[in-house]
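Peer 1: Any chance you could fold what I've pasted below:
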Amino acid sequence: MRNAMGAPLGLPVAKHNRYSGELAEFRRTLGAAMHQVDHQPHAAASMLTAFIHQVTALVRTGRLSVADGTNLITAAENLIADLAN
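Peer 2: Prediction:
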């Protein structure tokens, strides 16, 4: 689930700016979750829940827009729902 640049879908490729740290953390969390999807879906769902908490914190502190946060959280929640089935 990566784009042509190697980034997880929905996340831009990091550039050196004030958001590159947050993007790198998102990628680590999502990468770890995606690695677990096939073999440990419960672990993947837990990691996606952690991702949702990261996004929520960034929105709350104004480092991520509400619109972007909502899109990321919705995508993560959809993945969690898929893993439950």
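
Peer 1: could you measure Gly31 against Ala81, distance?
Peer 2: Separation of Gly31 from Ala81 (Cβ to Cβ, to the nearest Å) stands at 20 Å. Bear in mind the C-beta positions are built from the backbone N, C-alpha and C, glycine included.

Peer 1: quick one: which of these two has more around it?
Peer 2: Shown here are Gly31 and Ala81; by other Cβ atoms under 10 Å, Gly31 has more neighbours (15 against 10).

Peer 1: Where do the helices of this structure begin and end?
Peer 2: 20-36, 41-60, 66-84 (DSSP state H).

Peer 1: wait, Trp72 sits on Thr56?
Peer 2: No, residue 72 isn't Trp; it's Leu. No. Counting by Cβ atoms under 8 Å, Leu72 sits too far from Thr56 to count as a contact (9.7 Å).

Peer 1: and these two? which has more neighbours close in?
Peer 2: Legend: neighbour count by other Cβ under 10 Å for Leu72 and Thr56, higher for Leu72 (22 against 14).

Peer 1: I'd like to know how far that one sits from Glu22.
Peer 2: For Leu72 relative to Glu22 (Cβ to Cβ), the value is 11 Å.

Peer 1: Overlap of the contact sets of these two?
Peer 2: Leu64 (Cβ atoms under 8 Å, 6 or more residues apart in numbering).

Peer 1: count of residues packed around Val59?
Peer 2: By other Cβ under 10 Å, 18 other residues sit near Val59.

Peer 1: Tell me who's in contact with it.
Peer 2: 65-66, 69.

Peer 1: any idea of the pLDDT on it?
Peer 2: We have a pLDDT of 92 for Val59.

Peer 1: Any figure for the gap between it and Val66?
Peer 2: Plainly put, Val59 is 6 Å away from Val66 if you go by Cβ to Cβ.

Peer 1: mind checking how far stretch 43-63 is from the chain centre?
Peer 2: Its chain's C-alpha centre and that of stretch 43-63 lie 7 Å apart, by Cα atoms, centre = their mean, to the nearest Å.

Peer 1: In the lowest-mean-pLDDT helix or strand in the chain, which residues are buried?
Peer 2: When each helix and strand of the chain is scored by mean pLDDT, DSSP states H and E, helix 20-36 comes last, with a mean of 78. Neighbour-count burial for helix 20-36 flags 22-23, 26-27, 29-30, 33-34, 36 (criterion: 16 or more other Cβ atoms under 10 Å).
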